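**Student:** Here is the input, now give the coordinates:
(one chain, ligands or ions: 2)
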Amino acid sequence: MEFSKEWLFLKIKELLNALNSLVLNVNCDLETEIKHISSYSRDLKEETLFICREGLTFDSHSIIDKLYDQGVKVFIVEKEVSSFFPHIQVVDSRIAEAVIASEFYGKPFEKLITFGVTGTNGKTTCTHLFHHIMHSLGYKGSISGTVLNDIMGDKFYHHNTTPSSIEILRNMAKTVNNGGQYYGMEVSSHALAQYRVESIRFDVVGITNITRDHLDFHKTFEDYKKAKLHILNLLKPEGVAIVNHEYLKDIKNNNVRIVTFGVDRNSDYVIKEVTTNWSGTFFKLDTPYGPKSISSQLIGEYNAFNITLVLAALVEIGYDIDEVINVISTFRGVDGRFEIIHEARKLGIEVIVDFAHTPDALEKIILSLRKLSKGRIITVFGAGGQADKGKRPMMGEIASKYSDIAIITTDDPRGEDPNKIIKDVEKGLVPGSLSLSIVDRREAIETAITLANKGDVVLIAGRGHEPYQIFDDNYKKPFKDRDVAIDIIFQKINKGEKTFK
Ligand SMILES: CC(=O)N[C@H]1[C@@H](OP(=O)(O)OP(=O)(O)OC[C@H]2O[C@@H](n3ccc(=O)[nH]c3=O)[C@H](O)[C@@H]2O)O[C@H](CO)[C@@H](O)[C@@H]1O[C@H](C)C(=O)N[C@@H](C)C(=O)N[C@H](CCC(=O)O)C(=O)O
Ligand SMILES: Nc1ncnc2c1ncn2[C@@H]1O[C@H](COP(=O)(O)OP(=O)(O)OP(=O)(O)O)[C@@H](O)[C@H]1O
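**Tutor:** Ligands and ions are numbered 1, 2, ... in the order given. Sure thing, here's the model as predicted:
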């Protein structure tokens, strides 16, 4: 989906107004016309303005000569460069990229209903539920996040949960350009800390929960929480924030309209009488519009929180609460989030694939399964490489404490030794608990399914929908937990193993 050519251009002098106090030095012709903006060297077109940035792994100032030779018209730089290259020097290229993207694409968020959700867990579930409800109510729009980018029907995967400023604003502009009315997106803590969404303004934002994750990047939990809460500064003037009541105490901004949800009876939306079974989750909700009953196909008590966040978000920006509740019940969920492998029922067991990869998420889903099943819970899990090593023993403790059998295996090692990661997880195992360590993920899943007796539940946690196991930058092994589980199940059925009618 491309733009019509005449639609996009910008003169440098217009850009200077928007950049304002960010500008340190101007060394280019102010009448230069720009028809494309980029901060990535493989995304160049004619009349391109390129933003150089010293990032965590690369400094694109180092390729300014190559970029110039490839036809870049003007550079935005945050370091001194030769006056030979037409450029504008700014204080910070990340913030400049956010401002330039917003200016160049004509602030598309002003023409859209924009919903941004942040939080340690639940972002994907919330954005996909939002997309489902808006589509079911007859609106057209886009969503962006970990599992899927759906830009007015153009579906693709992005390696980031939250892309760069330029990519987000470009996608928002495409949405407007093609008659879209809304844009829902996951906003990661990394994105907030790196100003990827700094120039966007949201009609409504949501905060699902703030528990331990990504402390390898944010260093402290306080920094992590601060990054998440920054989303409250990105609302439109009439915007509203839907916040899990548990975190109300952390919010210091008093000029933001806050609506809370949770089990605390002082919440604006009070979740009550939650029941969850193999066909879904059902609960009562006290709302500012009276008591309501909610039915959903999503399984897991924590989904009552995700559902209420999205419901409150839509109602508080003017959608009819009963219309929204009606279409919630038709949402079938997200790939790899509490995904039931129905074929397993031929073996008389349940096999669930889930994305839980934080201590809080793992605890919540195992406890949800405990309530659903009379049988044993056999949990296959691991921990990602190059990420928050501190949580590894916590994962081991939670899995061994709440499961009947905990099988530690390889997740995405990302260049670390899988055996070392497993050793780190083993340190948290509850003494006397039943656990196994099996480095090969397929073998671990097969062992769990073999050990399961009638009525038992096998939880395959940590990777959800992910299609590849990332061993290092050069080796991504195709591995989808769901497909591997189904293959193992059929092998057992074909051998006539444990098939209960
Ligand atoms: C650590 C981190 O967050 N890095 C993100 C950051 O990169 P960076 O600022 O360090 O930039 P860099 O990669 O050093 O490159 C510097 C500059 O050179 C440019 N460049 C770089 C290479 C090249 O060949 N050509 C080129 O022009 C880059 O576009 C950039 O402008 O900004 C980039 C542009 O937005 C992101 O793609 C990149 O995500 C990396 C790939 C990543 O893995 N990030 C993870 C940690 C992340 O952001 N995760 C969250 C979700 C977390 C969760 O909830 O699970 C996410 O939102 O994805
Ligand atoms: N509200 C919640 N509270 C706790 N755990 C949750 C909640 N919602 C989902 N989870 C758990 O977290 C996992 C990830 O859910 P989801 O993908 O919706 O969150 P996310 O924030 O997008 O995660 P990520 O940022 O890693 O993509 C689920 O598979 C489930 O185990």
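**Student:** Any residues of this protein in contact with ligand 2? List them.
**Tutor:** 119, 121-125, 146, 161, 186, 208-209, 302, 305-306, 337, 354-356, 360-361, 364-365, 464 (CB under 6 Å from any ligand atom). C-beta here means a position set from N, CA and C on the backbone, and glycine is covered the same way.
**Student:** and stretch 93-110, which residues are buried?
**Tutor:** 93-109 (16 or more other CB atoms under 10 Å).
**Student:** so what pLDDT did A448 get?
**Tutor:** Listed pLDDT for A448 reads 98.
**Student:** and if you look at S4?
**Tutor:** So S4 comes in at 45 (pLDDT).
**Student:** With V270 instead?
**Tutor:** 98.
**Student:** and the nearest residue to it once chain neighbours are set aside, how many neighbours?
**Tutor:** Closest residue in space to V270, ignoring its immediate chain neighbours: D286 at 4.0 Å, by CB to CB, 6 or more residues apart in numbering. By the measure other CB atoms under 10 Å, the count of residues near D286 is 15.
**Student:** which residues does D286 contact?
**Tutor:** Applying CB atoms under 8 Å, 6 or more residues apart in numbering, we find D286 in contact with R265, Y269, V270, K272.
**Student:** So which of the residues of the chain next to ligand 2 sit within strands?
**Tutor:** When DSSP state E defines the strands, the subset of the residues of the chain next to ligand 2 inside them is E186, D354.
**Student:** near ligand 1, from the residues of the chain next to ligand 2?
**Tutor:** T161.
**Student:** Run through the residues of the chain sitting next to ligand 1.
**Tutor:** Within reach of ligand 1 by CB under 6 Å from any ligand atom, the chain has these residues: 39-41, 53, 55-58, 60, 159-162, 164, 188, 190-191, 194, 196.
**Student:** and the chain, what are its domains?
**Tutor:** Per automatic domain parsing, the domain ranges recorded for the chain read 5-92, 108-328, 339-494.
**Student:** Next, the distance between the ends of the second one.
**Tutor:** I take that to be domain 108-328. Distance between the two ends of domain 108-328: 28 Å, counting by CA to CA, to the nearest Å.
**Student:** low-scoring pLDDT stretches of the stretch 351-500 of the chain, where are they?
**Tutor:** Where the stretch 351-500 of the chain drops to pLDDT under 70, the residues are 498-500.
**Student:** The nearest residue to H465 once chain neighbours are set aside: what's it in contact with?
**Tutor:** Of all residues not flanking H465 in the chain, G336 sits nearest, at 3.1 Å (CB to CB, 6+ apart). Listed by CB under 8 Å, 6+ apart, the contact partners of G336 are V147, V353, D354, F355, R463, G464, H465, E466, D481, R482.
**Student:** Which of those fall within helices?
**Tutor:** D481, R482 (DSSP state H).
**Student:** so where's the stretch 101-250 of the chain shaky on pLDDT?
**Tutor:** Those would be none, if you go by pLDDT under 70 across the stretch 101-250 of the chain.
**Student:** quick one: the strands in the stretch 151-300 of the chain?
**Tutor:** For the stretch 151-300 of the chain, applying DSSP state E, counting those that start in this stretch gives strands covering 154-156, 182-186, 202-207, 235-244, 257-262, 269-277, 280-287, 290-296.
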